[in-house]
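>>> I would like to see how this sequence folds:
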Amino acid sequence: MKSDLPLIDFTLDGTKVQAVQGESILQAARRVGVDIPHLCYKDGLRPDGNCRACVVEIAGERTLAPSCCRAVTPGMDVKAESERARKSQKMVVEMLLADVPERGYKWTDGAPLTPALARPATTGAAPFDGVATVPPAQAGSAAAVLAAATAAPAQPGQHGELSAWAERLGIVPRPELVALRREQPAADITHPAMAVNLDACIQCNRCVRACREEQVNDVIGYAMRGLDSKIVFDLDDPMGDSTCVACGECVQACPTGALMPKTQIGSQVVDRKVDSVCPFCGVGCLITYNVRDEKIVSVEGRDGPANHGRLCVKGRFGYDYAHHEQRLTKPLIRKPGIPKHHDDAPRPAHWSEAFREATWDEALEVAAGGLKRLRDTHGKMALAGFGSAKGSNEEAYLFQKLVRTGFGSNNVDHCTRLCHASSVAALLEGVGSGAVSNQVNDVENAELILIIGSNPTANHPVAATWMKNAAKRGAKIVLADPRVTEIGRYAWRVMQFKPDTDVAMLNALIHVVIEEGLADEAFVRERASNFEALRENVQGYSPEAMEPICGVPAAVLRDVARAFARAKGAMILWGMGVSQHVHGTDNARCLIALSSVTGQIGKPGSGLHPLRGQNNVQGASDAGLIPMMLPNYQRVDNPQARTWFEKFWNTPLDPRPGYTVVEIMHKALAEDSDPHKIRGMYIMGENPAMSDPDLNHARHALASLELLVVQDIFMTETAWLADVVLPASAWPEKTGTVSNTDRMVQLGRRALNPPGEARPDLWIIQELARRIGLDWHYPGEESGVAAVYEEMRQAMHAAISGISWQRLERDSSVTYPCLSEDDPGQPTVFTERFPTADGRVKLVPADIIPANERPDTEFPFVLITGRQLEHWHTGSMTRRASVLDAIEPMATASMNGADLVRLGLQPGDVITVQSRRGEVAIHVRRDDGTPHGAVFIPFAYYEAAANLMTNPALDPFGKIPEFKYCAVRVVPGGQPRAPAGYGSGVQGSPLEQPLAA
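Numbering: from 1, shown residues only. Presented below is the predicted three-dimensional model:
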């Protein structure tokens, strides 16, 4: 037994055993193979000791003790299987089992219906296969109480862990106990994802602890007294009407099925369980797919290093997009004579209007032949490729290798250009590495946590739980953002600064640190450079001078600066609210400087963490899916690095950096005389027709290409403009690695086969490569994923040389840098030196640079874009996930209540938001966290695409567009556009509440 803690000798059922100091009797017993019955206990939750199923006999003590919350002491003599202990354990399990119905669910009106998903049919989304949809008139009513059909045989273990323990202990409830069974409460089926069946509740309080203590959502409580005591949601509201954010932690915690996913009502039997990684945000939660009849029926959180079993609504309930009827299943080629119009709304359910089916050989020949012809006719700069941060590391690596060695240029990019390019530029310049210094859950060791330009409860919900846990134990959270979001409830200080004034506010903090002598002089002297230039630059940025500019009171700025500098550990986490500006690199430079001058980097509970947006944006960047960097951030214009890769790939490489995402769109619309005009593109899993700024321009560029090849799982807005569409594999249909925001390389395993003729992405890349003249051979299953990984490992030896494929198969997750097989990985980096030329962090002064476009009398509002909890990126996956679409079915714009009053608007009204580039008609919701004079719109909805209005102006260093700031006007009225063939778009009652967080 490996542990840094002392071992304790004690006796268990007459055998001498050892426990780790602080370990409970239950934990120690389980570790040595003695399994004591338990129901209220669950790994990861605080032990409560209220069910008393785990009682044991301890020598010298009169009463039996709950083993789950009793720590082992030296010399303790414990009997878990004595006659007295076993009798009590059995009695508890029998009484609990006797009090629940023989069948977990029944229809109160006696109707013999099959188990139902029972989400209201008015949402318009197709029900899950094999389940019925309750008619709208009955949904949520007493007549539709959820149950198994009376004719269906009872499933073993119908009450989960309770039934399992009863079976193991040989317990059948006595008739006299069953006769005393309580009156069973009606089921609550008002939530789209979960059923509440309190007839099976044993009041173990697991759900309360999971909701209030783990996720810190504070929705589930325990109310009333005696026989009336019960689990409640908020003020005893139906679950569907409560403030529940559908993380499903309660479902995973419940031992009896009193709370359960609707997709598993009735039989709990699954055909197989497959371990993988969540396909959504950059947190990288480890999950297990439950597969039945070749469909995923539910998802469980695994005890991974990033999530420890926790999930959010997307990770737990956003999986059935993979089974959506609009999946691409055959290669498609655009029909002759069908033009591409940039303003033509995609019709994914009617793809045959523009495309015909083709064989794989034909589609690949048309795609590869066209790309090769354009390259050979117009030169290597005529082609470009967009890879994906939603795929695997192996796909990203092979895609950029294809562009560089097959197309012949560095015109390859992906969504990192649209999220953290400026952060990476500043980090590479300042600390010599684009990755995070500390992992998210290191906030456990922080005294102060600065969250800036990020809405973690919506964008990184599981990461937010670690922050909320830290606040509960006493850490000070500082929220700095133009919008006051949900995490502000847990903040010690909220700095709601005016949009576009990040540098002013951050320089004021640095000013206080230096002026008041709070700088870490030893750190600055030994580990930093250019401090004097920084000191001189911030002299004019006093809090008093910056208060009227940034809107944060000078006293608050001074309080925060002092607390940050004096904290034992202070950690900075930021999002795209920092990076998506023309001064995004300067914003990040200020964060690096603040962390460095206070010495808050290179130690536990401190450091810099740009929260990554997509599941593999970190890994795709590491693998070289960016135009100026080879794998592992080696510049293409570095002769030494380029020579190494030329030998490694046996191909000459272009020494010039390629064009970035927005630059490629400009080049697609260049004059024919331009030798660098982009004429053909290969896009894998990206959707620039939704994600790029100034969408009219971007869609025009895509439609103008001579050849556009799109590889995806749906007919996205980008695929609708393609000449060839190649059906690819969804994340549950592939094996591969991804790297999360914490620098963890994690293995996802295939749970399903792609539908129809869809193929693994690695196979498609290799087939295209072979047809344009590359001699690639990657042996092994699933298109040689392990062989591709091992080649990538050689290319990234300075980071992942110690992470072999075999190690990933064994461990699932390994943190880099990891340089040998016995290296556990380094969760905290920069502890002694920085990976810069001189080993020091470079402090780079920054001055105020205004946004490219400012509000004026014609366009007086500021548009802020972003994500929301239920939907992700451009919505192509989450809007095809039935639960997510049911919870958040339509596009909305958030505005401050005072602005609504001033404009004569009510929540739920339709407004038209206009910029100099485009406009959308959209329903408005009240959100007083949105500042006066601003409008927030999520960018996941085609029918109200926020990026029609955003500004393509670029940060000069990171080349990232200014998504977070442009001038708009708000006009009452308008006609909202219908959804583009997916997503329900159901319009409910006026939206009084802010976006769910």
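>>> neighbours around E532, how many?
10 (other CB atoms under 10 Å). All C-beta atoms are positioned from the backbone trio N, CA, C, and that covers glycine.
>>> Look up how far L752 lies from it.
Look at E532 and L752: by CB to CB, to the nearest Å, they are 59 Å apart.
>>> Using CSV, write out the CA atom coordinates for stretch 959-977.
Output in CSV follows, covering the C-alpha atoms of stretch 959-977 (Å, rounded to 0.1, in the frame of the first residue of the first chain):
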residue,chain,number,x,y,z
LYS,A,959,-4.4,37.6,-35.2
ILE,A,960,-7.6,36.9,-33.2
PRO,A,961,-10.9,38.7,-34.2
GLU,A,962,-12.6,41.2,-31.8
PHE,A,963,-15.6,39.1,-31.0
LYS,A,964,-16.2,40.6,-27.6
TYR,A,965,-16.7,44.2,-28.7
CYS,A,966,-18.5,46.0,-31.5
ALA,A,967,-21.1,48.8,-31.9
VAL,A,968,-24.7,47.9,-32.4
ARG,A,969,-28.2,49.4,-32.1
VAL,A,970,-31.3,47.8,-30.7
VAL,A,971,-34.6,48.3,-32.5
PRO,A,972,-37.9,47.0,-31.0
GLY,A,973,-39.7,44.5,-33.2
GLY,A,974,-38.6,42.3,-36.0
GLN,A,975,-39.3,38.8,-37.4
PRO,A,976,-37.1,36.0,-35.9
ARG,A,977,-35.8,33.6,-38.5
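>>> Tell me the gap between stretch 624-637 and the middle of its chain.
With CA atoms, centre = their mean, to the nearest Å as the basis, stretch 624-637 stands 25 Å off its chain's centre.
>>> what about the residue most central in space within the chain, which SS state?
For the chain, the residue nearest the mean C-alpha position is C281 (2.0 Å; CA atoms, centre = their mean). Three-state assignment for C281 (DSSP: H, G, I helix; E, B strand; the rest coil): coil.
>>> same thing with L702?
L702 - assigned by three-state DSSP - is helix.
>>> what's the closest non-adjacent residue to it?
Excluding its sequence neighbours, the residue lying closest to L702 (CB to CB, 6 or more residues apart in numbering) is L721, at 4.6 Å.
>>> Send me the helix or strand containing R373 as CSV with only the CA atoms.
Using DSSP states H and E, the element containing R373 is helix 360-378. Output of helix 360-378 as CSV, limited to C-alpha atoms (Å, rounded to 0.1, in the frame of the first residue of the first chain):
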residue,chain,number,x,y,z
TRP,A,360,-16.2,6.8,-51.5
ASP,A,361,-13.8,6.3,-54.4
GLU,A,362,-15.6,8.9,-56.5
ALA,A,363,-15.9,11.4,-53.7
LEU,A,364,-12.2,11.0,-52.7
GLU,A,365,-11.1,11.3,-56.3
VAL,A,366,-13.1,14.4,-56.9
ALA,A,367,-11.8,16.0,-53.7
ALA,A,368,-8.2,15.0,-53.9
GLY,A,369,-8.0,15.5,-57.7
GLY,A,370,-9.4,19.0,-57.4
LEU,A,371,-7.1,20.0,-54.6
LYS,A,372,-4.1,18.6,-56.5
ARG,A,373,-5.1,20.4,-59.7
LEU,A,374,-5.4,23.7,-57.9
ARG,A,375,-2.0,23.2,-56.2
ASP,A,376,-0.2,22.3,-59.4
THR,A,377,-1.9,25.0,-61.5
HIS,A,378,-1.9,28.0,-59.1
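>>> So which bits of that helix are buried?
Neighbour-count burial for helix 360-378 flags 360, 363-364, 366-368, 370-372, 374-375, 378 (criterion: 16 or more other CB atoms under 10 Å).
>>> Quick one: the residues you listed as TSV, columns for distance to V55 and pLDDT too.
Below are those laid out as TSV (distance: CB to CB, whole Å; pLDDT from 0 to 100):
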residue	distance to V55	pLDDT
W360	64	98
A363	66	98
L364	66	98
V366	71	98
A367	68	98
A368	69	98
G370	73	98
L371	70	98
K372	74	98
L374	75	98
R375	75	98
H378	79	97
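>>> So for the residue nearest to L702, what's the pLDDT?
What the model reports as pLDDT for L721 is 97.
>>> shouldn't it be in contact with A701?
No: with contact defined as CB atoms under 8 Å, L721 does not count as touching A701 (9.6 Å).
>>> Quick one: the strands in the stretch 701-850 of the chain, in order.
Assignment of strands within the stretch 701-850 of the chain using DSSP state E, counting those that start in this stretch yields the ranges 707-712, 724-727, 736-739, 744-748, 813-815, 841-842.
>>> Which one of the ones you listed lies nearest to R52?
Comparison of those against R52 by CB to CB identifies strand 813-815 as nearest, at 36.6 Å.
>>> what about the closest one, average pLDDT?
Strand 813-815 comes out at a mean pLDDT of 97.
>>> Contacts made by it with the rest, please.
Strand 813-815 has contacts (CB atoms under 8 Å, 6 or more residues apart in numbering) with 284, 286, 304-306, 439, 742-747, 802-803, 807-808, 824-827.
>>> Partner strands of it and their direction?
strand 744-748 (antiparallel) (DSSP bridges).
>>> average model confidence for the partner strand?
98.
>>> Tell me how far it lies from the chain's centre.
14 Å.
>>> Which residues does that strand contact?
276-277, 279, 284, 286, 304-306, 392-393, 439, 619, 731, 734-740, 800, 803, 808-809, 812-816, 825.
>>> Could you do stretch 658-677 as well?
378-379, 381-382, 384, 386, 409-415, 417-418, 421, 627-628, 636, 678-679, 681, 688, 692-693, 697-698, 700-702, 704-705, 952, 954, 959, 961.
>>> any weak-confidence spans in the chain?
1-4, 103-157, 980-997 (pLDDT under 70).
>>> ok, now how distant is G605 from R483?
G605 is 26 Å from R483, by CB to CB.
>>> what residues does the helix holding R373 touch?
So helix 360-378 is contacted by 331-333, 358, 382-383, 407-408, 677, 679-680, 682, 706-707, 709, 723-724, 726, 757, 759, 764, 767-768, 771-773 (CB under 8 Å, 6+ apart).
>>> what helices or strands is the strand or helix carrying L594 leaning on?
Taking DSSP H and E as the criterion, L594 maps to helix 584-597. Under the contact criterion of 3 or more CB pairs under 8 Å, 6 or more residues apart in numbering; DSSP states H and E, helix 584-597 touches helix 421-430, helix 502-515, helix 521-527, helix 531-537, strand 570-574, helix 576-579, strand 607-610.
>>> closest one to G551 among those?
Comparing the helices and strands packed on helix 584-597 by CB to CB, helix 502-515 comes nearest, at 8.5 Å.
>>> buried stuff in the closest one?
Buried residues in helix 502-515 (16+ other CB under 10 Å): 502-515.
>>> any idea how far E23 is from R562?
41 Å.
>>> Thanks again, I'm all set now.
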